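Participant: pasting the sequence and the predicted coordinates here, then a few questions.
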Amino acid sequence: MRHYALTIAIAFIAGLGGAWTYLSFNDSRESLESNTPVIQANNPGNQPLVLPEDMPDDFVSASTTSTQSVVYIKNISEQSYSRSYLDWFFDRDPGAQTRISSGSGVIFTQDGFIVTNNHVVQGANRLEVVYNKKNYDAELVGTDPSTDLAVLKINESGLPGIPLGSSKNLQVGEWVIAVGNPFNLTS
C-alpha cells in the first residue's frame, strides 16, 4: 500500500511539473507570435532584430518553380539466384527475378539531361524516366559514387530545366526546400 501511495505522489508531482513546463512554453510561444516578427539573436545588448517586410512566409513560389522539373525514375534490374543443393537435388533452375526500385531526379537542361542520385541508378539493367505521365527510356551518362550523383539523358526537347543558383549567394540560416517524386506521387 505504501508503494502505491508513493507512486501516486510521484505521478502527481510529475504532472504538475509537466503542466508548469507546458504553460511556460506556451507563454513564450505566444510572445513570438506577435504582430511584428522579432528574432532574439546573440548580438551586443541583445537588441531584437526585426525581419524585413518582404521576407517570404511560405514556399509556394519556390515549389511551383521547382516541381515542374521533377521526374520519377525506375531502376529495372535482373537478379539471378545462386544454386543451392536443393536445386540440384530437385533439378530446378532458380532463375532470375526482375527487381524494380525507384527514385527521383531533376531535369537539368531543356534537352533532356537529368540529375539524380547514384544510389537510384546503381546496378540498373534498364532505366525509365516518368515525366508528365509519359515513360522515357533513359541512358546513363555518368555517375560519381563519392558524391552520390548521376546524370541521365532522355530523348526529348523543350523540357523545363530547373533554374540554377549559386551557393556563393547563400547565407547560413537561409531556408532550403527539397523536392522529389520517389514514389510517383507527383511531387
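Facilitator: Received the coordinates, thanks.
Participant: can you get me the start-to-end distance on stretch 61-80?
Facilitator: With C-alpha to C-alpha, to the nearest Å as the measure, stretch 61-80 spans 47 Å from end to end.
Participant: counting neighbours, which bits of it end up buried?
Facilitator: 66-75, 77 (16 or more other C-beta atoms under 10 Å). In short, each C-beta sits where N, CA and C put it, glycine included.
Participant: could you do stretch 127-136 as well?
Facilitator: Judged by neighbour count (16+ other C-beta under 10 Å), stretch 127-136 contains these buried residues: 127-131, 136.
Participant: hmm, who's touching stretch 138-158?
Facilitator: 73, 105, 108, 110-122, 124, 127-129, 131, 136-137 (C-beta atoms under 8 Å, 6 or more residues apart in numbering).
Participant: tell me which two of the buried residues of stretch 127-136 sit farthest apart.
Facilitator: The most widely separated members of the buried residues of stretch 127-136, counting by C-beta to C-beta, are 127 and 131 (13.0 Å).
Participant: so which residues of this protein form strands?
Facilitator: Counting by DSSP state E, the chain has strands at residues 38-39, 49-50, 70-80, 96-107, 113-116, 126-131, 134-144, 149-153.
Participant: worst mean pLDDT among the ones you listed?
Facilitator: Of all the strands of the chain, mean pLDDT reaches its minimum on strand 38-39 (a mean of 44).
Participant: hey, which helix or strand in this structure has the poorest pLDDT?
Facilitator: strand 38-39 (a mean of 44; mean pLDDT, DSSP states H and E).
Participant: done for today, thanks.
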